[in-house]
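Enquirer: Predicted model and sequence follow; I will ask about them next.
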Amino acid sequence: MILSDNVIQIGRLLKPYGIRGAVMLLFDKPEYGDIDTEYYFLEIDGIFVPFFVEEMTFSSDVSARVKFEDVNDEAQAAKLSKWSVFLHREAINNLELQNPANWDSFTGYAIAQPDGKTLGIVRSVDSATINVLFVVDSDNGEILIPATEDFIVSIDEDAKIIQMNLPEGLIENL
């Protein structure tokens with residue numbers, strides 16, 4: 001069984017396209033469209049189910065028409081509208097080897113300070129601006145932490161912990 005820690009959201013499905021069961025897929029980043037995969041995961045009732053790609057045609061660098069196997073008409077495709085699309089973390093990590101600045105692979109990691117205090121869990125990564133931010137769920141609500149190698153002390157892949165030495169004042173209210 002695929003767990004939420006093993007996948008990363010890479011986009012979402014939009015409206016159906018045509019009558020043969022195709023649906024529009026909007027990628028969160030152009031790089032995600034470059035990943036060659038036979039299937040995407042959709043979360044159905046808390047379970048990540050693979051949907052195999054029968055045909056895919058790109059409309060732009062961040063959108064494509066996707067025809068999934070066993071989705072054969074507009075009504076079936078409409079049921080998939082607005083669902084989030086996921087890929088296995090390993091596929092994203094392979095992309096990361098080509099593009100080392102891909103911070104999305106740290107979604108689900110805990111952020112800890114050098115003293116061992118855990119600040120929270122990375123819920124998502126905001127890369128809308130030049131300064132990439134970890135969006136962290138903490139006990140005190142959402143906090144934004146700059147995703148930069150300058151602040152990272154160590155990364156424990158097995159325990160999924162990023163130890164960060166953050167500047168004074170950035171998190172003093174926590």
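Expert: Yep, that arrived. Small disclaimer: the values here were computed from a predicted structure and weren't measured.

Enquirer: Flag the helix or strand of this protein with the lowest per-element mean pLDDT.
Expert: The helix or strand of the chain with the poorest confidence is helix 89-98; it has a mean of 65 (mean pLDDT, DSSP states H and E).

Enquirer: which element follows that helix toward the C-terminus?
Expert: Later in the chain than helix 89-98, the nearest helix or strand by DSSP states H and E is strand 110-112.

Enquirer: Now do that following strand: everything it contacts.
Expert: For strand 110-112, the surrounding residues in contact (CB atoms under 8 Å, 6 or more residues apart in numbering) are 118-122, 134, 136, 145, 159-164. From N, CA and C alone the C-beta is placed, and that goes for glycine too.

Enquirer: so how far is that strand off the chain centroid?
Expert: Taking CA atoms, centre = their mean, to the nearest Å, one finds strand 110-112 lying 18 Å from the centre of the chain it belongs to.

Enquirer: Please name every helix or strand in contact with the helix or strand following it.
Expert: Counting by DSSP H and E, the element after strand 110-112 in chain order, helix or strand, is strand 118-126. Strand 118-126 sits against strand 110-112, strand 133-138, strand 141-146, with contacts defined as 3 or more CB pairs under 8 Å, 6 or more residues apart in numbering; DSSP states H and E.

Enquirer: Direction included, what does the second one pair up with?
Expert: Sheet pairing here is set by DSSP bridges, and for strand 133-138 it gives strand 118-126 (antiparallel), strand 141-146 (antiparallel).

Enquirer: List the contacts of it.
Expert: 103, 106, 111, 119-127, 142-147, 174.
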